[in-house]
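J.: Test case, fold it:
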Amino acid sequence: MVRSRPSVLVLLLVAALLPLGAVRAAADPARTCPVDPSAPARQLRAEWIASVANIDWPSRPGLTPDRQRAELRGLYDDAVDTGLNAVVVQVRPTADTFWPSRLEPWSTYLTGTPGRDPGYDPLAFAVREAHARNLEFHAWFNPYRVSMGTDRGALAPGSPAARHPDWVRSYGGKLYYDPGLPQVRALTEDVILEVVRRYDVDAVHFDDYFYPYPVAGQAFDDDATFAAHGAGFPDTAQGRADWRRHNNDLLVSDLDRRVHRVKPWVKLGVSPFAVWRNRATDPRGSATTAGAQTYDDLYADTRRWVRQEWLDYIAPQVYWNIGFAPADYGVLVPWWADQVRGTDVQLYVGQATYKVGTSTQDPAWSDPAEMTRHLAFDRTVPEVDGDVYFSAKDVRADRLGHMDRVRADHYRHPAIVPVTAGVPGRAPRPVTHLTARRTSAGVAVTWRGTGSSYAVYRVAGRADRCTTADATHLVATVHATGHGTQRSRGPQRYVDRAPVAGRATYVVTALDRAYRESRSRATRGCCTNRP
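T.: Just a heads-up that it's a prediction; the model follows:
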């Protein structure tokens, strides 16, 4: 990742300073805090909200702005109720946008008409509502898909695809931009940077679509592009494949540099098809026999992107059950753990929520415990930092009660998003003016601070250095009110409505945009919110 890194010595010196009245959380070699593995302090818990073909949101094109807003609020509320802390929202599904772009037309999935203004800014609304619930907002882009059909006449007039028909290829019943054209990569990057500059997004996200998945009997027509831009690569099948991978390498490495130059805390993440290469193809590959291989079929060298640290996170779509012989969940997750080990790249696992209760090919997906087994397995793999579920409507459907089981078994406590490595700066100062008092609504906890968000802990009796060691005492994470790009100094508030037996102490920590956590502040005795 292209970021300047703070001095380790400076961070250690800062960490050693503890303000008066703060709870000591520094590690003491002689006293190790017990940690409950079922209550990790740090974990990403996300869902994809797909807009292409109106999979999740909006549920159909042409809804009124009020109906669209109500639908998204409902999905967000469901995410919070499930115990999630992030959403991955598709904002550029087919070379069209969910914001008033200077570069590309309004999305057809909003109004049903390419280029028609929906009457409001869906992206601004989506980011604001996510942050109001302290959900991280990952802006999901498809880099090269132009249309889900092949009718060029249906493209928005004046769009780049309509103005530059030589950039567009028809393949497999869809239209795609040619990734080998420098002007296409520049457009994709510029569209993404437009969002990063104008909106308070937390991450830029790609899924598994780069070059299109192979279609039997069809060739992707980039002969002329290779002739014009393939200098240095031999005119052979292998040379063409290497050149295509090089084009995707350029896109990802350029975005790493450009996104982090503008906002160092904005993450860049990719969710690829989970099989990089089978071991029979490459000894570095996974012990799988999957029919598709990302490296060979989509020309996406996702392993290299991890090893080069061009990404902040990778979320392979491990959409198979434990024990599925061609691509075993229990094989692929450890393989990806091996790839991220020793890097600053976080590993999340893409989960096939859509298969539960719907797949007739494998009885494992008729077992409501299959998904919770995945997360239990992940606990044995320390490199796994969280999960992403496809997709929001399937999380909501909760077929067979599988997400209820996930919540009961794994999400009984909130979790803080993992720290993003390499972001310049340091943890915020501890909060000040911390108070807690009983009100008719519950215990109102108030404070001031310079964090982008905050973690609120509650412990019976007095707090100590181990209160924040895991999420056992974590009751909420709260987005800063008045939050702009980096910090807020205004008063903050959280109301704890849960019944509290006896007297409780509240502990609050501040988090910056990289989720570095401040030292703790604790209330000096508190209250119960029971009558």
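J.: Report how many residues lie close to the nearest residue to Asn134 once chain neighbours are set aside.
T.: Closest residue to Asn134 apart from its sequence neighbours, by C-beta to C-beta, 6 or more residues apart in numbering: His479 at 4.2 Å. No exception for glycine: its C-beta is placed from N, CA and C like everyone else's. Neighbouring residues of His479 were enumerated by other C-beta atoms under 10 Å; the total is 19.
J.: Please apply the same query to Glu189.
T.: Quick note: Glu189 (other C-beta under 10 Å) scores 18 neighbours.
J.: how about the strands in the stretch 201-350 of the chain?
T.: With strands called from DSSP state E, counting those that start in this stretch, the stretch 201-350 of the chain shows them at 203-206, 267-270, 313-314, 346-351.
J.: Which strands border the second one, and is each parallel or antiparallel?
T.: According to DSSP bridges, strand 267-270 has the following sheet partners: strand 203-206 (parallel), strand 313-314 (parallel).
J.: buried sites along it?
T.: The neighbour-count check on strand 267-270 (16 or more other C-beta atoms under 10 Å) flags 267-270 as buried.
J.: Quick one: mean pLDDT over that strand.
T.: The average pLDDT for strand 267-270 rounds to 98.
J.: quick one: contacts of it?
T.: 1, 138, 202-207, 252, 255-256, 259-260, 300, 302, 305, 310-315, 348, 420 (C-beta atoms under 8 Å, 6 or more residues apart in numbering).
J.: Could the C-alpha coordinates of it be exported in PDB?
T.: The C-alpha coordinates for strand 267-270 follow below in PDB (Å, rounded to 0.1, in the frame of the first residue of the first chain):
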ATOM      1  CA  LYS A 267      -9.300   1.200   2.000                       C
ATOM      2  CA  LEU A 268      -9.000  -0.600  -1.400                       C
ATOM      3  CA  GLY A 269     -10.400  -4.100  -1.300                       C
ATOM      4  CA  VAL A 270     -11.100  -6.900  -3.800                       C
END
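J.: now it, how far from the centre of its chain.
T.: Strand 267-270 has its C-alpha centroid displaced from the chain centroid by 7 Å (C-alpha atoms, centre = their mean, to the nearest Å).
J.: Also the longest one?
T.: From the chain centre to the centre of strand 346-351 is a distance of 9 Å (C-alpha atoms, centre = their mean).
J.: now do stretch 110-127
T.: From the chain centre to the centre of stretch 110-127 is a distance of 22 Å (C-alpha atoms, centre = their mean).
J.: What residues sit buried inside that stretch?
T.: If you call a residue buried by 16+ other C-beta under 10 Å, then stretch 110-127 has these buried ones: 110-111, 114-116, 118, 121-123, 125-127.
J.: of all the residues you listed, which comes closest to Val275?
T.: Among those, Ala126 lies closest to Val275 (C-beta to C-beta), at 31.8 Å.
J.: Report the secondary structure state of the closest one.
T.: Following DSSP: H, G, I helix; E, B strand; the rest coil, we place Ala126 in the helix state.
J.: from memory it sits against Leu72, does it?
T.: Yes - at 6.1 Å, Ala126 counts as touching Leu72 under the criterion of C-beta atoms under 8 Å.
J.: Save the strands of the stretch 201-350 of the chain as TSV, and put in distance to Met371 too.
T.: Formatted as TSV, these follow (distance: least, C-beta to C-beta, whole Å):
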stretch	distance to Met371
strand 203-206	22
strand 267-270	22
strand 313-314	20
strand 346-351	7
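J.: Quick check: which of those strands is nearest to Leu511?
T.: Among the strands of the stretch 201-350 of the chain, strand 267-270 comes nearest to Leu511, with 14.6 Å by C-beta to C-beta.
J.: Now Tyr109: phi and psi?
T.: Dihedral pair for Tyr109: phi -80, psi -10, per degrees, to the nearest 10.
J.: Leaving out the residues flanking it, which one is nearest to it?
T.: Sequence neighbours aside, Ser51 is the residue nearest to Tyr109 in space, at 5.1 Å (criterion: C-beta to C-beta, 6+ apart).
J.: Tally up the residues packed near the closest residue to Ala241 other than its chain neighbours, please.
T.: Distances taken as C-beta to C-beta, 6+ apart place Tyr299 nearest to Ala241, at 6.4 Å, with adjacent residues excluded. Counted with other C-beta under 10 Å, the neighbours of Tyr299 add up to 21.
J.: Spit out the contact partners of Tyr299.
T.: By C-beta under 8 Å, 6+ apart, the contact set of Tyr299 is 210-211, 241, 244-245, 247-248.
J.: Is it correct that Ile192 falls within a helix?
T.: Yes - with three-state DSSP as the criterion, Ile192 is assigned to a helix.
J.: Distance of it relative to Asp200?
T.: To Asp200, Ile192 is 15 Å away according to C-beta to C-beta, to the nearest Å.
J.: which residues touch the spatially closest residue to Ala126 that is not a sequence neighbour?
T.: Distance criterion C-beta to C-beta, 6+ apart; nearest residue to Ala126, sequence neighbours excluded, is Val89 at 5.5 Å. By C-beta under 8 Å, 6+ apart, the contact set of Val89 is 49, 51, 57, 126, 130, 137-140.
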